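In: fold the following and give me the result.
(one chain, ligands or ions: 2)
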Amino acid sequence: MRALRFDGRQPVYVDDAPAPTPSEGEAVIRPLRMGICATDLEICRGYMGFTGTLGHEFVGVVEQVIGEDRRKLTGRRVVGGINAVCRQCDMCRAGLSTHCRHRTVLGIQGRDGCFAERFTLPAANLVPVPDSIDDDTASFAEPLAAALQAKAQLHIEGEPYITVLGDGRLGLLTAQVMAQLNASVRVVGKHAAKLEHCEKWGIKHRLLDDVGLRQDQDVVVDCTGSASGMTTALGMIRPRGKIVLKTTISPHDPASVNHIENLARIVVNEIEVIGSRCGSIPEAVDSLARAEVDVLSLISRRMRLSEGVQALKVAAEPHVMKVLLDL
Ligand SMILES: [Zn+2]
Ligand SMILES: [Zn+2]
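Out: Ligands and ions are numbered 1, 2, ... in the order given. Model prediction:
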């Protein structure tokens, strides 16, 4: 089977990956469209210590289901939650299954990802995609869910000033989601061409070099994907403000040493820091069906799975937004 894998040193494209063997309750999925995200790039720099098949953003067709839900899902076009959970630990029983103590995560932790001819996920993770949503749009369900999670974790009072830091794929998704709140939202980034997208959505935007670090924002959402994002966020946030962190970086990143200094500023200014990861896939599908966010503008390139090693390089280029893969 063809697959794009990380071998612990570098990404490799192989044609002899073993076909997946689904367990009870799992589905075998053939991806129709796959998306490359910053997490995939960080994994290739050592994040999570993962080795195996990369990828966690997909829309695909269910080819087989072992056990329950067989008739309901086989042949359906689906997207899915990436955490495969035990349903028995204290976190699962408390309704916090994305924090399952025994979870595996598609293409990130203990489970081969979706950049392959076939992959598996629990059938319970899968959400059918309505016909009104095309494959390109549907492939954004997982990152959109992550953006929606940032909104779900904030309790907005008054009409706050919110800065979304970072003009990449996740930043521009998150900005569109935040713009649904009763808030004054701006995106701050380093790339004029990327920020330009905000014009058609009516969202304010500024280049990082043009904004002062005035500690006047009520909320800063760090979508930079960079170790320097937190330092910039602390320069923008007002005392007692909230920083939502979407950035995950490899511990091998040299800039991560700034974190000790940043911790002191969090204490002194009594900043609330909110870590934010995966969100609700059904809510993301609903949002896509209602066309609440523009995802198609974010597509920069389409490449084949066989070009996957090159596609990861392209996705890391500063001017590139979403790179989609086909089988
Ligand atoms: Zn992702
Ligand atoms: Zn669990």
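
In: ranges for the helices of the stretch 151-300 of the chain?
Out: Using DSSP state H, counting those that start in this stretch, the helices of the stretch 151-300 of the chain run over residues 169-178, 192-195, 197-201, 229-236, 259-268, 281-289.

In: which other helices and strands does the third one contact?
Out: Judged by 3 or more C-beta pairs under 8 Å, 6 or more residues apart in numbering; DSSP states H and E, the packing partners of helix 197-201 are helix 169-178, strand 204-207. For the C-beta atoms, the positions are set from N, CA and C on the backbone; glycine is no exception.

In: hmm, back to that, deepest-packed of the helices of the stretch 151-300 of the chain, please.
Out: Of the helices of the stretch 151-300 of the chain, the one with the most neighbours on average (mean count of other C-beta atoms under 10 Å) is helix 169-178, at a mean of 27.

In: so is that one next to ligand 1?
Out: No: Helix 169-178 does not reach ligand 1 (C-beta under 5 Å from the ion); its nearest approach is 7.7 Å.

In: now that helix: mean pLDDT?
Out: What helix 169-178 shows for mean pLDDT is 97.

In: worst average pLDDT in the helices of the stretch 151-300 of the chain?
Out: Of all those, the minimum mean pLDDT falls on helix 259-268 (a mean of 89).

In: okay, and the helix or strand of this protein with the least pLDDT?
Out: helix 70-73 (a mean of 81; mean pLDDT, DSSP states H and E).

In: chain center to that helix, what's the gap?
Out: When distances are taken as C-alpha atoms, centre = their mean, to the nearest Å, helix 70-73 is centred 28 Å away from the chain's centroid.

In: quick one, what contacts residue 43?
Out: 6, 50, 54, 107, 108 (C-beta atoms under 8 Å, 6 or more residues apart in numbering).

In: gap between it and ligand 1?
Out: 10 Å (C-beta to the ion, to the nearest Å).

In: can you get me a residue count around residue 250?
Out: 16 (other C-beta atoms under 10 Å).

In: residues contacting it?
Out: 42, 45, 46, 47.

In: ok, is stretch 155-168 in contact with ligand 1 or not?
Out: No: Stretch 155-168 stays clear of ligand 1 (C-beta under 5 Å from the ion), getting no nearer than 11.3 Å.

In: same thing with stretch 76-85?
Out: No: using C-beta under 5 Å from the ion, stretch 76-85 stays clear of ligand 1, coming no nearer than 8.2 Å.

In: got the contact list for the spatially most central residue of the chain?
Out: In the chain, the centroid-proximal residue (C-alpha atoms, centre = their mean) is residue 143; its distance is 3.8 Å. Going by C-beta under 8 Å, 6+ apart, residue 143 touches 35, 37, 57, 169, 170, 173.
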